[in-house]
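Novice: The sequence isn't on hand, but the structure is:
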């Protein structure tokens, strides 16, 4: 028993280590190919990224990334590829901003807005779930199309005289009242968004729901084999819709740190693309709540230091390349390690079977 | 497996936390050199080589480097940036001692306001927007007036009496282009049909998506439009390319004299003219004012009468209608024609 654990520990560590080493070598080669010194680049990144204000920046940046990764991971665990997190969080944040901006909600503003966001996100994702179960439409297609529909819908309402107001070249929903500003943790430099607490709670909820409940077990079973789940009495259709709803509700939270902590409105400058970053981070963190947290922080770190690298004369695109290389390396490394582990296991089982066979042979011979 | 990976993850995260705690204390903005390093230019999406808006700003910086002997550095925005990234870029520049720090594009308005407060001794400038702050120079242009002249030229050159306008993003700034263009066309040829379309309702990607502009332009060309005016930053390259593939069709460029641009050389015989926004003049003015110790601040408009906007004449395609254009220009400068800044609702 102990021996197996040791093997598994080594295998478990091998994948991330292999990925990091490979990513490190490849990026060094790429930076080297652009005629720059890669080690100086790493030094700049570590120096700049470890500064106090950078840490705050990274945590603030990682919070929406983490929520987005959780939303994607819920789908991943059951083999659903929700590409639509991007559209879901934007439309959710937009309607939350409208509700918060136009109605006087007083002290309940924040909970109401969060609930509105989660409900809108869930509905938007639920459309894809419904299409999949009733018409057999692949969720990959429908969610990506819903992104575009969502963007157009926001574009329609986000105009002067409809649901938005003009401020110079920016068009946005009305500013939220002070009661709808989320609390912050003051630090020596800039404050950390209080929404990081919600992100941690969401991470724990994700871990508990998937790892410790019957629903989570069903969900993972469906992910591993639909027919097996069906045979054991799980309604796959219901699971598809439920998990899309949960994924969408989680996606609804993605825009909230920005809405309740920075911009206080949904405008033409609201960040886009976090839903796609979430896919990368879910892959990187292997859908594990802590793995994804580390992945989100790593992404924040790379974003933060990327601008500094440009400042130091490196190509701006280097960080994008690093991010891409890391994902490829992680995916490949995990697959390699998985296959290697499988091979070891097969060999071991084979040896045991052979040993058993020879034992029974001997026994027969003796008899 | 599950337990083991949880333990390793916990160990790693503890180590990371410990590392981050020990690193607390020093801030990246404390290590500043603070020396005067010249101009810090932060581009909007598309970057220095967008053949259009940013490139015009870059020319202003290059001219200042040459004439005034100042140093300088430029940085570029990515698609889908957040406020945090823009602030970081401006902070890096101001902190390293660049002065003035110029945000090229209205996206920088809020971040300039935020960063300008932290660096009261540095002069900031924002192009295409008005930002608050006593050390901020806000530069805007009379795009509607320049576009009016483009409208006059388009109406005179269109054989089918059908002209098109493509905007990158449907916002107040680009609507100024549309309004002026439409008014110029209507005042010249009241029977002309105008098709005005936007690439994106409210996504800045519209300034960095040539493929979308190409599609839109092809759609217009198929319906008989033969002059297309595109105000969409880098995206405009796509519509110029589409226009150049057809016979007897004209493209009107924007922001820089697009006929002159090496990257568009293949298509230059189809570039009728360009509505030049002299961002370079404004950028140069700010740099010079700082160099002379009299930094500009407050809102500054660069209109047709100040040569802040003009029609490019390279290629000589509008030489034959020069008289009419000059007459139209005179009417605007004299105040006889008021050019709208928002399109008429049809």
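Specialist: Sure thing, it's come through. What you see is a predicted model; the values in this text were computed from it and never measured.
Novice: At which residues are the helices of the stretch 201-350 of chain A located?
Specialist: Taking DSSP state H, counting those that start in this stretch as the test, the helices found in the stretch 201-350 of chain A are A:214-224, A:226-231, A:236-254, A:256-258, A:274-284, A:289-311, A:318-366.
Novice: I figured residue A:314 hits residue A:41, correct?
Specialist: Yes - look at residue A:314 against residue A:41 with Cβ atoms under 8 Å: they come within range, at 5.8 Å. For the C-beta atoms, the positions are set from N, CA and C on the backbone; glycine is no exception.
Novice: Give me the more crowded residue out of these two.
Specialist: residue A:41 (24 against 21; other Cβ atoms under 10 Å in any protein chain shown).
Novice: which residues touch the more buried one?
Specialist: When contacts are counted by Cβ atoms under 8 Å, 6 or more residues apart in numbering or on different chains, residue A:41 touches A:31, A:309, A:312, A:314, A:318.
Novice: quick one: the first one and residue A:318 touch, right?
Specialist: What that stands for is residue A:31. Yes - in this structure, residue A:31 is within contact of residue A:318 by Cβ under 8 Å, at 6.3 Å.
Novice: Could you export the contacts of residue A:41 as a markdown table, including pLDDT and distance to residue A:217?
Specialist: Listed next are the contacts of residue A:41 as a markdown table, based on pLDDT from 0 to 100; distance: Cβ to Cβ, whole Å:
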| residue | pLDDT | distance to residue A:217 |
| --- | --- | --- |
| A:31 | 89 | 46 |
| A:309 | 88 | 45 |
| A:312 | 85 | 50 |
| A:314 | 86 | 47 |
| A:318 | 84 | 43 |
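Novice: possible to save these as a markdown table with distance to residue B:254?
Specialist: Listed next are these as a markdown table, based on distance: Cβ to Cβ, whole Å:
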| residue | distance to residue B:254 |
| --- | --- |
| A:31 | 36 |
| A:309 | 32 |
| A:312 | 33 |
| A:314 | 31 |
| A:318 | 31 |
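Novice: Name all residues that make contact with the residue of the stretch 101-250 of chain A found nearest chain B.
Specialist: In the stretch 101-250 of chain A, the residue found nearest to chain B is residue A:155; the distance is 2.9 Å by Cβ to the nearest Cβ. For residue A:155, the contacting residues are B:170, B:200, B:201, B:202, B:203, by Cβ under 8 Å, 6+ apart.
Novice: Count residues in the vicinity of the fourth one, would you?
Specialist: Just to be clear, that refers to residue B:202. Neighbours of residue B:202 (other Cβ under 10 Å): 24.
Novice: Now do the SS call for it.
Specialist: Under the three-state scheme (DSSP: H, G, I helix; E, B strand; the rest coil), residue B:202 adopts coil.
Novice: Can you tell me how far it is from chain A?
Specialist: Note on residue B:202: its distance to chain A, by Cβ to the nearest Cβ, to the nearest Å, is 4 Å.
Novice: element containing residue B:41, please.
Specialist: Element membership for residue B:41, per DSSP states H and E: strand B:39-43.
Novice: tell me the mean pLDDT over that strand?
Specialist: Averaged over strand B:39-43, pLDDT sits at 92.
Novice: Would you list the strands that it pairs with, along with their directions?
Specialist: Next to strand B:39-43 in the sheet, as set by DSSP bridges, lie strand B:72-76 (parallel), strand B:101-103 (parallel).
Novice: returning to what we had before: could you dump the helices of the stretch 201-350 of chain A into TSV with distance to residue B:85 added?
Specialist: Shown next, in TSV, are the helices of the stretch 201-350 of chain A (distance: least, Cβ to Cβ, whole Å):
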stretch	distance to residue B:85
helix A:214-224	36
helix A:226-231	42
helix A:236-254	17
helix A:256-258	12
helix A:274-284	13
helix A:289-311	6
helix A:318-366	11
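Novice: just so I know, which of the ones you listed lies nearest residue B:64?
Specialist: Proximity to residue B:64 (Cβ to Cβ) singles out helix A:289-311 among those, at 20.0 Å.
Novice: how near is the residue nearest to the spatial centre of chain A to residue A:289?
Specialist: Centrality entry for chain A: nearest residue to the mean C-alpha point is residue A:69, 1.0 Å, by Cα atoms, centre = their mean. With distances taken as Cβ to Cβ, to the nearest Å, residue A:69 is found 9 Å from residue A:289.
Novice: Pop the domain breakdown of the chain in here.
Specialist: Since no chain was named, I'll use chain A. Here the domain parsing of chain A from automatic domain parsing is A:1-36+A:315-367, A:56-313.
Novice: That was the other one, I meant chain B.
Specialist: What automatic domain parsing lists as the domains of chain B is B:33-141, B:143-277+B:316-333.
Novice: what's the least confident stretch among the ones you listed?
Specialist: domain B:33-141 (a mean of 88).
Novice: ok, residue B:45 touching residue B:208?
Specialist: Yes - counting by Cβ under 8 Å, residue B:45 does reach residue B:208; the two are 4.6 Å apart.
Novice: The stretch 1-150 of chain A: helices as residue ranges?
Specialist: Counting by DSSP H, counting those that start in this stretch, the helices of the stretch 1-150 of chain A are A:2-33, A:38-49, A:52-76, A:85-102, A:109-135, A:139-157.
Novice: Sorry, wrong one. I was asking about chain B.
Specialist: B:2-23, B:53-68, B:83-95, B:109-118, B:143-157, B:172-188, B:210-222, B:236-244, B:279-291, B:322-333 (DSSP state H).
Novice: burial measure for residue 185, as a count.
Specialist: By default, I'm working from chain A. Residues near residue A:185, counting by other Cβ under 10 Å: 12.
Novice: The intended chain is chain B.
Specialist: Residues near residue B:185, counting by other Cβ under 10 Å: 28.
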